[in-house]
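Enquirer: the following comprises the amino acid sequence and a computationally predicted model.
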Number of protein chains: 6
Amino acid sequence: MMDFDTILITGAAGRLGTELRRGLAPLARKLRLTDRVALNDLQPNEEAVICDLDDADAIMKLAEGVDVILHFGGEPLEVSWERILRSNIQGSYNIYEAARKNGVKRVIYASSVHAIGYHELESHIDADAPHRPDSFYGLSKCFVEDLGRLYWDKFGIETVALRIFSSFPEPADRRMLWSWLSFDDCVRLVSAALTAPRVGFTVSFGMSDNCVSPVDNSKASHLGYQPQDNTESYRAAVESRTKRSDPYAPATRYLGGWFVDIGHPDDEVKS
Amino acid sequence: MMDFDTILITGAAGRLGTELRRGLAPLARKLRLTDRVALNDLQPNEEAVICDLDDADAIMKLAEGVDVILHFGGEPLEVSWERILRSNIQGSYNIYEAARKNGVKRVIYASSVHAIGYHELESHIDADAPHRPDSFYGLSKCFVEDLGRLYWDKFGIETVALRIFSSFPEPADRRMLWSWLSFDDCVRLVSAALTAPRVGFTVSFGMSDNCVSPVDNSKASHLGYQPQDNTESYRAAVESRTKRSDPYAPATRYLGGWFVDIGHPDDEVKS
Amino acid sequence: MMDFDTILITGAAGRLGTELRRGLAPLARKLRLTDRVALNDLQPNEEAVICDLDDADAIMKLAEGVDVILHFGGEPLEVSWERILRSNIQGSYNIYEAARKNGVKRVIYASSVHAIGYHELESHIDADAPHRPDSFYGLSKCFVEDLGRLYWDKFGIETVALRIFSSFPEPADRRMLWSWLSFDDCVRLVSAALTAPRVGFTVSFGMSDNCVSPVDNSKASHLGYQPQDNTESYRAAVESRTKRSDPYAPATRYLGGWFVDIGHPDDEVKS
Amino acid sequence: MMDFDTILITGAAGRLGTELRRGLAPLARKLRLTDRVALNDLQPNEEAVICDLDDADAIMKLAEGVDVILHFGGEPLEVSWERILRSNIQGSYNIYEAARKNGVKRVIYASSVHAIGYHELESHIDADAPHRPDSFYGLSKCFVEDLGRLYWDKFGIETVALRIFSSFPEPADRRMLWSWLSFDDCVRLVSAALTAPRVGFTVSFGMSDNCVSPVDNSKASHLGYQPQDNTESYRAAVESRTKRSDPYAPATRYLGGWFVDIGHPDDEVKS
Amino acid sequence: MMDFDTILITGAAGRLGTELRRGLAPLARKLRLTDRVALNDLQPNEEAVICDLDDADAIMKLAEGVDVILHFGGEPLEVSWERILRSNIQGSYNIYEAARKNGVKRVIYASSVHAIGYHELESHIDADAPHRPDSFYGLSKCFVEDLGRLYWDKFGIETVALRIFSSFPEPADRRMLWSWLSFDDCVRLVSAALTAPRVGFTVSFGMSDNCVSPVDNSKASHLGYQPQDNTESYRAAVESRTKRSDPYAPATRYLGGWFVDIGHPDDEVKS
Amino acid sequence: MMDFDTILITGAAGRLGTELRRGLAPLARKLRLTDRVALNDLQPNEEAVICDLDDADAIMKLAEGVDVILHFGGEPLEVSWERILRSNIQGSYNIYEAARKNGVKRVIYASSVHAIGYHELESHIDADAPHRPDSFYGLSKCFVEDLGRLYWDKFGIETVALRIFSSFPEPADRRMLWSWLSFDDCVRLVSAALTAPRVGFTVSFGMSDNCVSPVDNSKASHLGYQPQDNTESYRAAVESRTKRSDPYAPATRYLGGWFVDIGHPDDEVKS
């Protein structure tokens, strides 16, 4: 169903942004794309603008006439606090302000497992578990979730925060045997978030239908996400080329994986 | 398995009653049917009695020799308080008294989503959530659930209260894309309620296996209901002829749908 | 603080109604009293009307100009279904309709432990536990709670349902050593329900500050009820004249006490 | 994946031990088997030692060079307290001590539904529900679960306690229509417990994917157990040769089935 | 109230046994005392028998004519597994068997914080939290709790398991500023467990009314225990002679305190 | 007890900072004070530095040799996003970095009810409820709570986040009759947070012991905060000079009070 006129995608040149361009084309008349780097292979239904997320005026203009924003831009992993602050905190504020002033009704946000990375696998958290970021990157995801909560409660803009686990072409290590989100399932998840009749402020975990499943996504069951992929066909290959996880290692124990082992990014930068 | 001798079905001429006549025939030697209107196409395994639910003597007689009662009769939607009181409250009391005095051991009751219609989709309630009726119709469903609870705790008569969402030939609007219960799944649900080894007092939601699934039916997992249908094959058609739901509208926000928008039925009647 | 102009009290001639007349006088300019029997010792701030709760017209008239209704009328214990239906179900419907049509904003309802009488002491329920009535009397209390819920969700009339345990001059038996609500605490509880800034639909248990305390009233903590009495000064006397409870007896096991041992009231009546 | 060098199986001559020998052969270079009776048909990848579990020195020696212990030995049903104490309590202590002193990192323990047999079907417990053993046999299962907990918290040895319901060639009665664990699913469950990246101390229920499913196994979802069998193909035959369960019977009401009806084993022995 | 004829106290020569002799004298006509060492200062209302708990015949005889058993005997701290097995496991089995065969209706058992010693202070557990023993001593407490559960569910003997934290003449270190149970409060707690109208199987934590209170005892509120003491008057002295706790130390982090730092008792014995 | 050498207080010139200077003097040898405005009446045990929180170098220097930081500085109410970002977000980051690099072990943070201001009174949240900020001010409080969580999980710095409700000389309006925190109780709360043996990352609500108490602070019970004040002595005066709250108004319904009615601060600024 082409229920939407214009969808804005931030981070459109990124790994997931590229998949969304392909997968969501049938849902809207036009995809407006933005990134800080150039976008390739523009299609007839696409238009592109290169700009930084912390350029408030450019972002404000981008949101004109938009139905829904898919906010997948910003720093995609642990970098210095200064860059996190500028791209992920100030940048996301700019997005929500642009949504508010342009009457955009819904934002789909690429949050991350790293917003709750210090919960243990055995604790089987659901979407109401408190934030436990595992990095400054994860901390910025927590911030944007709370920002989305505020804009729903106060300004009536709906948000779906998708806590994506590991979305890659295929599972690359033993952890991804449980944390993997296939690209097709990622598109299914975003589509569900777009088309669900009402979301208010909803948090959904983003994983494929893998056997090992240490979180409980039932609080997002009103989205209608039905994953179709899983990692079983990759298991033999992954297990043959990697060794068993150490059950005592923090990177095995906590949802966030090796992010819990990263030190302060500014220490690294300075040394 | 023909485990039952006689099953009594109230409201047998109604939309669901007709489906139950067809679907449950293999489970019992005889189906005794009742309604306030005439019943068509009586089969050899069926016998029919026309009477009102508030006719206590007639109801008492109907329950003689009965194993299980499927209580699907009464007013099926919002009408005046007086009619609700007579058919749904007094009428259901008559049914339970007839069960008690005739030694009927189990009642399957057609409760409704409207008993909990003022809970929000995002609250993902389960069967233990407090009643929040959305109408006088829903209020009568709450009453009969509590009546069933009392008859189990005090008199040892088991009840399964089936909170049916939207059981129609096919999903007719966007809300039914999540709330629909196919007729075949309705028969499966009633069969499960009939054959479960022990139910005590059990509440089960009644929906097909739809993608969007805003309630948690795990507290009824001892019934063994396994829905086989869903709304995906109807989705394109429904979406093409209807527009997107307004996420701010109460009829989208609350489980009860447009019932929350109905005023007091007696106001309408009088105006 | 005399925050209220006119408070209507139903069941004003009853045991608790008499206490409320005394205790709440400072809160309102006028107390309008009603009962089906005559009221004694009318004070200058009181006016009285004798009528039955199932007289809809009389009730409608009673609610004119009223700020708050304290609905303490109706059958106060197990009687025949017919009388329960007339006084407690139809009668309470009349009260809420009178509130709705006269713009009364809040109802304080004398519900009862018997609405949840089949829960066990050891289960430590709170206000969200499902109804488990122990009698037709208790069933009518469940009905009126649901009625209040509907009138809040749909018509914006606030309700506080007070599940009163055992409000008597003093604890009369071993069960009352935990279930007793002193008359002074009963007045405190109703005052809190009257003056709380917002109640929406609130359920509160009604007991004094007794040592043994098998239910959890924290979900009513926004009322501000602070009991001042307890049963310790009565303990020695009660224990000396009664024998130890039988821990296996249903009347000890369940919150409802001996109500769980009552059979169907109509069986008794007829025999 | 042959991730393991040596796996020790206790109770290897038993019903389930025999299945594990077959099913787990692909996972380890060597299976070391023990039982108090002789083992048949030893395969090239197997070695066998006959000894009693209460022979601490023999058990200590058995665990040398072992990666994982599958502890399926001990009394498999209700016997005298003396035998339970010796085989299941002292015997399991010997196993854990042998694991500790030999550096074994993980134990998979055959616990049982009888550790929680006095919970009701309708209470839908999960793995955190308190122990409620239904027999001295079940009591010993509780003990070993707590022993495993201690060895994880204090000595860093992981345990998966599998609460096996009814693992037989096929469902033999109406209760097994919900409680059955097929032998193939039993092997799947143990494989999952062996290969899960981290288990700490995990409790998992052990049932096939049966329609009626009265417990919630979500707290073990990090194991990755995916049952493939269910009882539907056996239903007609079982139902035709057995009569409907009595819903009032304790053996129907409680998870433990007929174990709840067994008296004290020593009373039987002595009479 | 002298509601009891004969109360049997095991471990009567111990620290708490001595307090119970004094404090409970008013509740029974006779106190029967037992310990493995001699008892001093026998009072006219007391009778004493010296025996070991693992002497089944002696224990059976002790329970003749007894109303209630206060089981405070057995090893009071971490010792070898062999002694734990003999005194605390076999010994407690003997007590429950003696209760069963002599018709004793209630057992009050001195369980311990060490049954749940590996839960963290910040997790604020209540009585339903799973066992997490911190020692073999604690493991035996878990066993006896489960034994009591079985004897209630199966044989109808009530148990109150009191998880005593630190009952000493006064708080001796910083941990006891929160974990202390005064002797007077200990007597109050046992009295409540004795006189509560119904206990079934109840677990209660045992602490005085200290400011810092890291566990939730609400599930025992039907006992009626009201502590009267707290540690504030000892705080200045304790703090002046001890240094601040290390918040990172396991003995600070876990409820069990320094018990979590004890290794395997048999390792110590052997070295 | 003078357990601390140097305590750093930010926002020391503010309303609460002034109270802390007075109240905490006995706990430390030296109080180091900072604010962006001048500090009056310096005492012999005090030293003062004027600086902005976003001056990272100055803040780093301030934390040298400090045991504990009481972080009460930053914007104390709703102002422009730019100021919130600079003082409350960047400023708090500077504080935690200064703590990390200087080995400060604990931070007590003045969070606020406005971090959870959009929860309703009737929902009776506890400390684990998700963030629902009611303003950009509240959003910054959420951010700093998550920052504290990260610094505990990753860098081992403990935090107590105190969600202060309304700390003023006396309750000024009807809402403060439940939300008030007296200055003396504020000092008690901070003292408890300072002296608790272990806090990890703890959230505590901050209110006096008022009758109406719509949140559940039990998850902070390991701090040992015992409020001594309440609003009853102010009630008559407040009620006589203010009118009853409107139960339908958002400012009555939500914990955040009138903050929920504030629009976007930048809209105000620009108009």
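Expert: Thanks, I have the structure now.

Enquirer: let me know how buried residue A:174 is, in neighbour terms.
Expert: Around residue A:174 there are 18 other residues, counting by other CB atoms under 10 Å in any protein chain shown. All C-beta spots, glycine's among them, are computed from the backbone N, C-alpha and C.

Enquirer: okay, and it sits in which element?
Expert: Per DSSP states H and E: residue A:174 is located in neither a helix nor a strand.

Enquirer: what are the phi and psi values for it?
Expert: When read as degrees, to the nearest 10, the backbone of residue A:174 gives phi -70, psi -40.

Enquirer: was I right to think it contacts residue A:239?
Expert: Yes: between residue A:174 and residue A:239 there is a contact under CB atoms under 8 Å: 7.2 Å.

Enquirer: which single residue of chain A ends up nearest chain E?
Expert: Residue nearest to chain E within chain A (CB to the nearest CB): residue A:123, separated by 10.7 Å.

Enquirer: excluding its backbone neighbours, what's nearest that residue?
Expert: Of all residues not flanking residue A:123 in the chain, residue A:129 sits nearest, at 7.7 Å (CB to CB, 6 or more residues apart in numbering or on different chains).

Enquirer: tell me where the stretch 151-271 of chain A has strands.
Expert: A:158-164, A:201-206 (DSSP state E, counting those that start in this stretch).

Enquirer: now mean pLDDT and distance to residue E:135 too, for those, in a markdown table please.
Expert: Listed next are these as a markdown table, based on pLDDT from 0 to 100; distance: least, CB to CB, whole Å:
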| stretch | mean pLDDT | distance to residue E:135 |
| --- | --- | --- |
| strand A:158-164 | 98 | 40 |
| strand A:201-206 | 98 | 38 |
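
Enquirer: and those strands as a markdown table, adding mean neighbour count?
Expert: Below are the strands of the stretch 151-271 of chain A laid out as a markdown table (neighbours: other CB atoms under 10 Å in any protein chain shown):
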| stretch | mean neighbour count |
| --- | --- |
| strand A:158-164 | 26 |
| strand A:201-206 | 25 |
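
Enquirer: just put those in CSV and tack on distance to residue C:231.
Expert: Formatted as CSV, the strands of the stretch 151-271 of chain A follow (distance: least, CB to CB, whole Å):
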stretch, distance to residue C:231
strand A:158-164, 52
strand A:201-206, 47
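
Enquirer: so for chain C, which of those sits nearest?
Expert: Across these, closest to chain C is strand A:201-206 (CB to the nearest CB), at 21.4 Å.

Enquirer: and the closest one, is it in reach of chain B?
Expert: Yes: remark: strand A:201-206 sits within contact range of chain B at residue A:202, by CB under 8 Å from any CB of the partner chain.

Enquirer: how near is residue A:204 to residue A:213?
Expert: Separation of residue A:204 from residue A:213 (CB to CB, to the nearest Å) stands at 14 Å.

Enquirer: circling back to that earlier point, any idea how many residues pack against the residue of chain A closest to chain E?
Expert: Residue A:123: 15 neighbours (other CB under 10 Å).

Enquirer: ok, and the helix or strand in chain A with the lowest average confidence?
Expert: helix A:265-270 (a mean of 73; mean pLDDT, DSSP states H and E).

Enquirer: in the stretch 1-150 of chain A, which residue sits closest to chain D?
Expert: residue A:121 (4.8 Å).

Enquirer: look at the residue nearest to that residue when sequence neighbours are not counted and report its pLDDT.
Expert: Excluding the flanking residues, the one nearest residue A:121 by CB to CB, 6+ apart is residue A:214, at 4.1 Å. Note on residue A:214: pLDDT of 95.

Enquirer: wait, isn't residue A:214 in contact with residue A:119?
Expert: No: contact criterion CB under 8 Å: residue A:214 and residue A:119 do not qualify, at 9.1 Å.

Enquirer: spell out which residues are contacts of both of these two.
Expert: Shared contacts of residue A:214 and residue A:119 (CB atoms under 8 Å, 6 or more residues apart in numbering or on different chains): residue A:255.

Enquirer: now the residue lying closest to residue A:125 once chain neighbours are set aside: how far from residue A:111?
Expert: The spatial neighbour of residue A:125 that comes closest, neighbours along the chain excluded (CB to CB, 6+ apart), is residue A:119 at 4.9 Å. Distance, residue A:119 to residue A:111, by CB to CB: 14 Å.

Enquirer: and residue A:187, what does it touch?
Expert: A:19-20, A:22-24.

Enquirer: if any of those residues are buried, give me the ChimeraX selection for them.
Expert: Buried members of those, defined by 16 or more other CB atoms under 10 Å in any protein chain shown, are picked up in ChimeraX with:
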select /A:19,20,23,24
